Each structure stands twice: as C-alpha cells, then as structure tokens.
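>>> Sequence and predicted structure, then a few things I'm wondering about:
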Amino acid sequence: MTKRFFVFVFVFTQLFGFTAVYAVATVTKSNARTFTVTGPHCGLYSRLKNQMLCSSKNPLLFEVARIVRDDLNFTDQFDVDLKKKEHRLTAINLKELFKQGVSLVTAFGFVEKNKKRGTRVHVRIRDTSSNHVVFDKTVTIERKNLVAQGHNLSGDILQKLTGDRGICSTSVVYCKMVSSHHKIICLADYACKRECVVVPAKTINLAPSWHTKVPVLFYSQLTKSNNRLMSVDLRTGRHSVICSYSGLNMQPAFSGDGKTAAICLSGGRGNSELYLYDPRMCKEAKKRVFKPLTHNGAHNVSPCMLANGDIVFCSDYETGLPQIYYLNRKTGGTRRLTGGNGYCAAPSYCPKTNMLVYTRPVKGVFQLFALSLDNLDVLDERRITSCPGNKHEPSWSECGRYIAFSIDQVGKKKKSSQQIAALNYKSGNIRILTRTPEPKSFPRWTGQQLWPL
Amino acid sequence: MGSPLDKRLLWLSLFFHIVILLFISFVNRNSSIRKRFVAYGRHSRKITNAYFRRLRAPKDVYGRYFKQKSTSKTLKKCVKKKPVSKSKKVPAKPKPKKVVTKKIPEKKADKKEVDKKKKDKQEEQKKEEVIEKEEMLHFNLMGESDPRVIVYQQCIQVEVDRVWKPPLGVPKGTECEVFFVVSRDGSIKEFAIQKSSHVLIYDLSIIRVGKQFKFDRCLWGKSFAVTFRQ
C-alpha cells in the first residue's frame, strides 16, 4: 500500500510539475492584449499600380480610357499604365501581374455603336491578388460630352476603390488674356481638358469668385469710369450688375450659407476698404447697406469669410507691405497672421480643413504657404511649394486636398506665360493643367459640376 | 537504488517524462501569439501623443504631473504677489524724506532680483516641460509590462515602417486586420485579411506588401494578427 502510494505521489508530482509549467507557458502566451506600433512617418505614400488595357480598334474608347487614366493618376493614389491591347486575361496572367506589383487590371471593352444611343463601353476592374471583379459597369458615351462622361466614369471608379468620388466632378473658372485690353473668363472641368467662355465681354474681366450655394459667378469688369462688380447666373446665362460705385468694386466672399458677403470697395478714395453686405440689415434700413469692416486708410483686399463669421483679409496698413490679417467680427479687433516680413498676398480659405493658403516670395520667387487656423495662438506656417516659377492667386478645392493657382512658366520661345496648375496638398505634386499660350490667372475652384453648359 | 521498486520508479518517471515532452512538443508546434498588434498609418504620431496626454490625466497614477502643474501655478502667483509684499515691507522701515533718494537704487536692485528670479523660474518651467516631454516619449501607451511582448511590438513596428506605405487620401481611423503565419525560416507562410477596412485601396496596399514582411527572428515560427490603422 505504501509502495503504491509512493508511486502515485511520485507520478503525480512529475505530471503536475510538467502540467504546471505547460499551463504557465500557455497562459502567458494566450494572454490577449493590444499592442501599438507606429507606421511609416517618412512622408512617403504608396501608389497602387493599375494596368489599364484598351482595345485599339475604337478611338473613342481609347480617349475615354485616357481620361480615366489621367483622373486616377491625378489623385496620386494610383499609378496607371494604359496599353492598347486586347484583354484576354487568365488567372495565371493575373498572378504574374500581381508578382510584378500590379494590384488592379482595368479592361475597357467596346460593346456596340449606335448613332442614336451613342457608343456603349464596358469597364471591368479585377483584383490581381484574388481574381475578383471589383468594378463592372457599362456606360454610354457620346463624342459631345466625352470629357464629362469620362470624368463621371472616373468618379464611379474612385467611389468604388477609395470610397470617395474625388474632384472628378468639380469645375474651375479662370481669367484668360486674349489681348492687353481683352480678358475673358473661362469655365472648365477640373483638369482643364475642355473649356468654355463664360464672360466674353470685350473689356478686362477679372477676379472671378463663386457663390457658395448657387452656380452664380461674380467678377469685376473694367469700364471707363470704374471697376464694377458683375455676376453671371450659369443656369440662365444672364449677366447683371451687382455694384457700380466709383472706384473698385470687387472680390466678394460669401459666408457658408451664402447669405452674407464681404466686399472690397474703394468708393473713389485712394485706398480700398472691406464692407459687409447683410440682407437683414438692408431689410431693416429698407435700402442697400454696406457696413464697413475696416477703416484704416490702407489697401484692404482679398477677404475670406470663415466658418465662424470672422474674416481673413490682406492689408498693408501696418508694415506698408501686404500682410494677412484676421478680423474678429465680435470684438472688431484685427490680428496679423503672417510674420510682417515680405509680401504676403491672395489668401484663400478652406472650410473643410480650416486652413489658409497664400503666396509669399522666397528668394525672389513667389511660393505658396499654408497656415492652419485651428489654434491662433500657435500659428504654424508651412511652405508647400519650392519649384521655380511665381505662384499666384491660390484657391482651395472643396475637399481641401488640392490647390489651384497660376504659375509663371517659360515657354519654348523663352517667353514666360501664366498657366493654371494644381497642387496635391498631401503628396506635394504639381500638375500644369493648361497649355495654350494665352496667359491665365485667378483660378477659382467650385465643387459643382457645371460643364457642359 | 538496487531495489526493483527504485528501478520501476525510475523507468516510470522516464516514460512519463518522455510522454509529456512529446505531448507538449506536439501541442506547441504551432506557437501562435494570440495577440493583436496595431500598426498606425502616417498621421498616427499625433493621435498617439494625444492619447498619451489623456492618459496622463488621472491623479492617482501620475501625481507628479499635477505636482508640477501646481508648482507652476504657485510660481505664477508668487511672481504676482512679490512686488506687493515688497511694497509692504518698505513702509516698515523708518521713512525720513531724505532716505527716499536712497531707496531708489534698492528698488532697482529689487526689480533686477525679481527679473532674475522670473528668468530662473521660466528656465525651470522650461526644464520641467522638457522633462515632461521626455517622459512622454518613454511612456508606455497600453501599460504593457511583459518585456517579451514589448520586443515583439518593436519588431513589428520596425518592419511595418520599412515595408508598408499607406495610400494617400484614406480617412483617419481606417482599420484593416491581417493575420500572419511566419514560417521557421522567417518567410510569410500564410497571410490573410481577417477584417476588411471597406476601403479597397487600403486593403490592396497591404495585400501588395503582405509577403514582403520579414519579421525579426523572435517572431519566426509564430502566428499573430496585426491591425493596420490609418
């Protein structure tokens, strides 16, 4: 009995020892906790490789494929390569492409051509890692609206791949100098592939700006007596005079609800001041009332209305050189946002990111700078361009990812001309959107799809 | 030792040892780390810092932080009060009119002293702030105490930094959970998305580099999940 007991105890202790050790080991391994590791902070982003294949038989199909390729490349999220090729891809081919680093294959197929219906095009995107169909759509395309339909198709693809339509359906307006006495205003798609003239009047039309709610464009028109403020309703094409006081009448900036506006008026004096137009005040006074916002005797221009009703503007009242100022409408106090050195001009405000962008010269070249208004006590000015060529009149896109501006470019005959360019704020890539020799200026972005008119 | 009982016991114990060792080796073949590692995207630094600050708030755990704050407040108060107290002290001295001329340099000296003290205090405050910042860097976010797990975490962080570059324009907070099985030679044996981010471009950016990860030797032959967070 004692022997058996001794054996049992011995075996039990041996077993228990092992099981205890094993239990401790397993418990420590299966102890479920969360851990944090930080990702890359070097500022580099990956671009997803997309192989686009298009049948070479139909030129219209290839043009649409090119528009889609450019739209996807514009986002800096994709690296698209377009090839004229019949797409007969098998699973093995897709695996090979995946090994080469291609994540997506987009195939453009021609379905049918009908004079009444237009050309029907079939687009299919496959994921090379799993051979799954990610996007499959048949669209009808007409030669008239090729650019618009191409952008819409790109918007659908981006919606599927990124969850956001991007800027494919946005529009840009800008001034185009036809001659020294003739400046017109043009409207184009965001990539400036197709433009149409909105203000053809044979005089100098400049400084366009959008209403925040309706497709109405405001611009200044030079007349013999003054510089009057005009508007054009893009739904009806009707032009009307808004303000025609003596001197300058220009650059209206609307609030988010589109009801109030800050306007720059000179009133025949030597300088220009900012005024607030509020329909409520006009109703009370039963006449048009402009409430003065600034009265410093200096040049005050380029107002931007912020989401909280305050105003950011450009003035030279302190230093003699233009600087960016913040006007608190509740207290009436102004505060300089820029350092006071140099020439800071043309501020543009993005309500989505609460950021400002403006131009300032660096070593004789105007560069773009961004400024966040989240914390006014700690202002962090960030230079966002560094390439040669003066950059003027920046304008944020509604999404806050892109900035349109005019850039001085040296042409083939060593003649410098201003072109419209777009900067991807996050990647820092600049793309020149226009190529024609006429100088272009004052680009202004709107989130509304206004083309074809 | 020569008795049959001892021999039997010896053989029995040897047998059980072998059986148990075989059992453990069989069970423990797939040494899975049942843990979820979170890898942040590019803008993660700001988020984590904010989180640090929030964690600093509790009184009991981080009393020192509050002490520092309280001292800074008292210092400010002292700076405000000092001139008043000195002005009170001055009338305590005998005040013949002639002495007023003598007092002026004393006041100046006092002012200088006050300025010096102010500067010293500002410097001290700055030093304290620097110390706080340094402490923040060494602060453990999740309160992890197991040194082995911290090593795993660092290894994964380094490898994620090296290989994965998140795509542009993906909203903050997007998450994709990926399960890795690392073979004994360090290559990725299996790789699968457990939870999709519902942003295709984000998932694909991870799938593309999934096989390129070469984790540290300590993670070889193990399986674990990593959440890639933007």
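Structure's in. What do you need? Numbers count the residues shown, from 1 in each chain, chains lettered A, B, ... in the order given.
>>> quick one: low-confidence parts of the stretch 351-453 of chain A?
Counting by pLDDT under 70, the stretch 351-453 of chain A contains low-confidence residues at A:411-414, A:451-453.
>>> how about a cut-off of 50?
A:453 (pLDDT under 50).
>>> Break down it into its strands, ranges please.
A:355-362, A:365-372, A:381-383, A:391-396, A:402-410, A:416-424, A:430-432, A:440-446 (DSSP state E, counting those that start in this stretch).
>>> Any chance of those strands in TSV with distance to residue B:17 and mean neighbour count as columns?
C-betas here are computed from N, CA, C, even on glycine. Converted to TSV, the strands of the stretch 351-453 of chain A look like this (distance: least, C-beta to C-beta, whole Å; neighbours: other C-beta atoms under 10 Å in any protein chain shown):
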stretch	distance to residue B:17	mean neighbour count
strand A:355-362	69	21
strand A:365-372	67	20
strand A:381-383	67	13
strand A:391-396	73	23
strand A:402-410	70	22
strand A:416-424	66	22
strand A:430-432	72	16
strand A:440-446	77	24
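>>> mind listing what residue B:212 touches?
Residue B:212 sits next to residue B:163 when contact means C-beta atoms under 8 Å, 6 or more residues apart in numbering or on different chains.
>>> Longest strand in chain A, by number of residues?
Counting residues, the longest strand in chain A under DSSP state E turns out to be strand A:102-114.
>>> Can that one be said to contact chain B?
Yes - using C-beta under 8 Å from any C-beta of the partner chain, strand A:102-114 reaches chain B at A:103, A:104.
>>> okay, now residue A:317: neighbour count?
Neighbours of residue A:317 under the rule other C-beta atoms under 10 Å in any protein chain shown: 18.
>>> no wait, residue A:86
For residue A:86, using other C-beta under 10 Å, the count is 12.
>>> re earlier: dump the longest strand of chain A to PDB, keeping only the CA atoms.
Listed next in PDB are the C-alpha coordinates belonging to strand A:102-114 (Å, rounded to 0.1, in the frame of the first residue of the first chain):
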ATOM      1  CA  VAL A 102       0.200  45.300 -60.200                       C
ATOM      2  CA  SER A 103      -2.700  45.300 -57.900                       C
ATOM      3  CA  LEU A 104      -5.600  46.100 -60.400                       C
ATOM      4  CA  VAL A 105      -6.300  45.400 -64.000                       C
ATOM      5  CA  THR A 106      -8.800  47.600 -65.800                       C
ATOM      6  CA  ALA A 107     -10.200  46.400 -69.100                       C
ATOM      7  CA  PHE A 108     -12.100  48.700 -71.400                       C
ATOM      8  CA  GLY A 109     -14.300  46.800 -73.900                       C
ATOM      9  CA  PHE A 110     -16.400  48.000 -76.800                       C
ATOM     10  CA  VAL A 111     -20.000  46.800 -76.700                       C
ATOM     11  CA  GLU A 112     -21.800  48.500 -79.600                       C
ATOM     12  CA  LYS A 113     -22.000  51.700 -81.600                       C
ATOM     13  CA  ASN A 114     -25.400  53.300 -82.200                       C
END
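>>> Please report how far residue A:317 lies from residue A:333.
14 Å (C-beta to C-beta, to the nearest Å).
>>> Same check on residue B:21?
Distance of residue B:21 to residue A:333, given as C-beta to C-beta: 80 Å.
>>> Same check on residue A:60?
Taking C-beta to C-beta, one finds residue A:60 at 60 Å from residue A:333.
>>> of those two, who's got more company?
Counted by other C-beta under 10 Å, residue A:60 and residue A:333 do not tie: residue A:60 has more neighbours, with 16 against 9.
>>> Now the more buried one: which helix or strand?
In the assignment (DSSP states H and E), residue A:60 maps to helix A:59-74.
>>> Could you do residue A:51 as well?
Going by DSSP H and E, residue A:51 is part of strand A:48-54.
>>> contact partners of that strand?
With C-beta under 8 Å, 6+ apart, strand A:48-54 has contacts from A:61-62, A:65, A:68-69, A:72, A:77-87, A:89, A:97, A:101-108, B:167, B:201, B:204-205, B:208.
>>> Now it - C-alpha only, CSV.
This file holds the C-alpha atoms of strand A:48-54, laid out as CSV (Å, rounded to 0.1, in the frame of the first residue of the first chain):
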residue,chain,number,x,y,z
LEU,A,48,-1.4,51.4,-56.3
LYS,A,49,-0.3,50.0,-59.7
ASN,A,50,-3.2,49.7,-62.1
GLN,A,51,-2.7,48.1,-65.6
MET,A,52,-5.3,49.5,-68.0
LEU,A,53,-6.0,47.6,-71.2
CYS,A,54,-7.9,49.1,-74.0
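>>> partner strands of it, parallel or antiparallel?
Here strand A:48-54 is paired, per DSSP bridges, with strand A:78-84 (parallel), strand A:102-114 (parallel).
>>> Redo those as TSV? Include mean neighbour count and mean pLDDT.
Output for those, formatted as TSV (neighbours: other C-beta atoms under 10 Å in any protein chain shown; pLDDT from 0 to 100):
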stretch	mean neighbour count	mean pLDDT
strand A:78-84	16	91
strand A:102-114	18	86
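>>> how about those in a markdown table, adding distance to residue A:389?
Formatted as a markdown table, the strands paired with strand A:48-54 follow (distance: least, C-beta to C-beta, whole Å):
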| stretch | distance to residue A:389 |
| --- | --- |
| strand A:78-84 | 26 |
| strand A:102-114 | 34 |
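>>> Can you name the residues that contact the residue lying closest to residue A:387 once chain neighbours are set aside?
Distance criterion C-beta to C-beta, 6 or more residues apart in numbering or on different chains; nearest residue to residue A:387, sequence neighbours excluded, is residue A:430 at 6.4 Å. Residues near residue A:430 by C-beta under 8 Å, 6+ apart: A:385, A:387, A:407, A:421, A:422, A:423, A:424.
>>> could you pull out the helices for chain A?
A:2-29, A:59-74, A:91-99, A:146-162, A:279-285 (DSSP state H).
>>> if you average pLDDT over each of these, which comes out lowest?
The weakest mean pLDDT among the helices of chain A belongs to helix A:2-29, with a mean of 53.
>>> ok, back up a step: any chance of the strands of the stretch 351-453 of chain A in a markdown table, with distance to residue B:159 too?
Converted to a markdown table, the strands of the stretch 351-453 of chain A look like this (distance: least, C-beta to C-beta, whole Å):
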| stretch | distance to residue B:159 |
| --- | --- |
| strand A:355-362 | 34 |
| strand A:365-372 | 33 |
| strand A:381-383 | 31 |
| strand A:391-396 | 37 |
| strand A:402-410 | 33 |
| strand A:416-424 | 29 |
| strand A:430-432 | 33 |
| strand A:440-446 | 40 |
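>>> Can you tell me which of those is nearest to residue A:240?
For the strands of the stretch 351-453 of chain A, the distance to residue A:240 is smallest for strand A:440-446, at 18.9 Å, taking C-beta to C-beta.
>>> What strands flank that closest one, and is each parallel or antiparallel?
For strand A:440-446, the paired strands and their directions (DSSP bridges) read strand A:171-179 (antiparallel).
>>> Cool, thanks, talk later.
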